[in-house]
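1. Based on what follows, work out the 3D shape:
(one chain, ligands or ions: 1)
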Amino acid sequence: ALQDLQTLRDRLIAVAKEAGTIILSANPTPLTTSSKKNTADIVTQTDKAVESLIRTNLASHYPSFAFIGEETYHPGQTITDDPTFIVDPIDGTSNFVHGFPDVAVSIALVVEKLPTVGVVYNPFRDELWAAIKGHGVYHTTQSNSNNGNTTKQQQLLSPKSPLQGLSPACIAIDFGTDRQGPNFALNLKVFTTLLRTASDGGRFVNSLRCSGSAALAICRVAASQQDAFWECGSWAWDVAAAWCVLVEAGGVMVDGHPGGWNPPVDNRRYLAVRPATAGQREFVEEFWDVIGDDRST
Ligand code: IPD
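-> Now for the predicted structure:
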């Protein structure tokens with residue numbers, strides 16, 4: 001029932017804010033003894049502490065729900081049709097370590113492999129995105145009032161203008177920590193095609209932006225601050241909560257295969273397109289042309 005989902009959403013917001021307090025007070029250093037795969041793939045003690053806090057909190061309220069978290073994920077773990085929390089305790093760990101304020105706590109409830117509740121919270125900007133499937137999305141930001149006190153602004157997102165293809169688009173991209181292999185190769189192909197001039201076989205887009213937090217990038221697409229987000233190599237915990245936000249704002253997520261969300265079987269390729277009064281389908285088709293033969297069916 002909606003009331004239950006609202007209660008659940010409010011609990012996710014509360015625990016995300018609690019996690020935010022820990023993140024703000026931490027002095028992050030990458031752990032040296034970690035199982036991560038290379039020097040770009042960083043984890044801190046705070047990632048682990050925050051995931052543990054969220055997991056314990058959610059288990060106390062929803063003991064029968066499954067849980068998948070970035071820091072406790074193990075190969076072979078799969079997303080089933082059962083209600084499952086999908087959690088990235090710190091999306092943007094590299095930003096966190098460098099003091100770059102694009103850092104988010106990302107918590108989703110996924111039911112039958114579909115994002116059903118999504119909460120994305122950036123403690124550094126005190127910015128919150130929260131959505132329930134079929135019931136809209138809220139974006140709460142901090143803003144300065146005239147007398148210097150901070151006030152909260154809350155808005156319900158809705159489509160604003162038509163999309164007009166790739167050429168005028170500002171596209172958020174990311175590429176994760178893989179620096180070899182098929183995901184990396186496809187990312188490079190897409191980036192270079194988007195940047196090149198038409199006479200060079202490219203699309204000459206207005207701009208590419210890389211912020212280091214897939215969750216926040218997708219939320220910005222939901223708010224139409226950017227036209228699209230592309231990454232080949234995101235994980236379910238990077239995208240699940242923001243996916244719910246995006247769809248509730250009127251955006252679309254394609255090539256994401258909800259039914260195939262079983263890491264690492266999921267091909268982990270995500271194209272998020274902003275809410276628009278027209279032109280979404282044409283935009284997606286133009287982007288699929290760029291992906292070319294690698295496009296999944
Ligand atoms: C990463 C961020 C980054 C994306 C990577 C993710 P993490 O999440 O979302 O933007 O490029 O693919 O793994 O590791 O900071 O939680």
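
2. Now do the domain split for the protein, please.
-> 2-156, 170-294 (automatic domain parsing).

3. For this protein, which residues score under the pLDDT cut-off?
-> Along the chain, segments meeting pLDDT under 70 span 33-36, 143-151, 264-265, 295-297.

4. Pull the contacting residues for the nearest residue to residue 49 once chain neighbours are set aside.
-> The shortest distance from residue 49 to any non-neighbouring residue, by Cβ to Cβ, 6 or more residues apart in numbering, is to residue 22 (6.3 Å). Bear in mind the C-beta positions are built from the backbone N, C-alpha and C, glycine included. Applying Cβ atoms under 8 Å, 6 or more residues apart in numbering to residue 22 gives the contacts 46, 49, 50, 53.

5. need the strands for the protein, in chain order.
-> 66-69, 84-91, 104-111, 114-122, 127-132, 137-144, 150-156, 170-173, 207-209, 228-232, 252-254, 269-273 (DSSP state E).

6. what's the closest of these to residue 262?
-> Minimum separation from residue 262 across the strands of the chain (Cβ to Cβ) falls at strand 66-69, 10.4 Å.

7. who touches that closest one?
-> So strand 66-69 is contacted by 51, 54-55, 58-59, 77, 79-80, 82-89, 236-237 (Cβ under 8 Å, 6+ apart).

8. So which bits of the protein are right by the ligand?
-> Selection of the chain residues close to the ligand by Cβ under 6 Å from any ligand atom yields 70, 88, 90-94, 174-176, 212-214, 231, 233-235, 238.

9. quick one on the thing from earlier: tell me which of the domains of the chain is the most buried.
-> Mean neighbour counts were taken over the domains of the chain using mean count of other Cβ atoms under 10 Å, and the top value, a mean of 20, falls to domain 170-294.

10. what's the span of it, first residue to last?
-> Domain 170-294 stretches 23 Å from its first residue to its last (Cα to Cα, to the nearest Å).

11. now swap in stretch 175-191 and tell me
-> 10 Å.

12. Show me the contact partners of that stretch.
-> 36-38, 40-41, 173, 208, 210, 230-234, 268-269, 290-292, 294.

13. hmm, 10 Å instead?
-> Residues outside stretch 175-191 that contact it (Cβ atoms under 10 Å, 6 or more residues apart in numbering) are 36-42, 93-94, 171, 173-174, 203, 208, 210, 212, 214, 230-235, 238, 267-269, 271, 287, 290-292, 294-295.

14. what does stretch 27-46 give?
-> 19, 22-23, 25-26, 47-48, 50, 70-71, 74, 89-90, 93-94, 96-99, 103, 175-180.

15. cool, stretch 192-206 as well?
-> 165-171, 173, 190, 207-208, 227-228, 230, 286-287, 289-292.
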